[in-house]
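A.B. asks: sequence first, predicted coordinates after that:
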Amino acid sequence: MSAPRRAQPTARPAPRPAPKPRAAPKPRKPAGKARGVPGWVRRWWKVGLLVTLVLLGIPLAHALFGEVVALLGAAVLFGFLLGRWTAPIR
C-alpha cells in the first residue's frame, strides 16, 4: 500500500477590483417643454389632424367597410387620440 497523497493547496482567485463610480446622469429637459414648437402650434396641428380624419377617414371607411365599422372605428380612434392628448405628462 502506498501512502495517502497530500491535498494540493488550491490557488485562490485574485480579488475583484472595486467597481468604478458611475458618472452623474445628464440633466433631462423638462417633460412639459416641446422641442422648440410652441404649444398653440401643437394644439392646432392636432385639431387639424382630427378634422382631416373625420372629413376624409369616416366617409372612406364607410364606403369600404360599411356604416357600423366606420362609426365604431371612428369612436375607437377618437377615444385613443383624446386619451393620448389629454394624458398627464410623466
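C.D. replies: All right, it came through fine. Numbering: from 1, shown residues only.

A.B. asks: give me the helices and strands touching the helix or strand hosting Ala75, please.
C.D. replies: Under the criterion of DSSP states H and E, Ala75 resides in helix 67-86. With contacts defined as 3 or more CB pairs under 8 Å, 6 or more residues apart in numbering; DSSP states H and E, the packing partners of helix 67-86 are helix 39-52, helix 58-65. C-beta here means a position set from N, CA and C on the backbone, and glycine is covered the same way.

A.B. asks: now that helix: average pLDDT?
C.D. replies: Model confidence over helix 67-86 averages 88 on the pLDDT scale.

A.B. asks: next: stretch 37-53.
C.D. replies: The predicted confidence, averaged over stretch 37-53, sits at 82.

A.B. asks: buried ones in it?
C.D. replies: Residues of stretch 37-53 classed as buried under the neighbour-count rule (16 or more other CB atoms under 10 Å) are Leu50, Leu53.

A.B. asks: and what of stretch 73-89?
C.D. replies: For stretch 73-89, using 16+ other CB under 10 Å, the buried residues are Ala74, Leu77.
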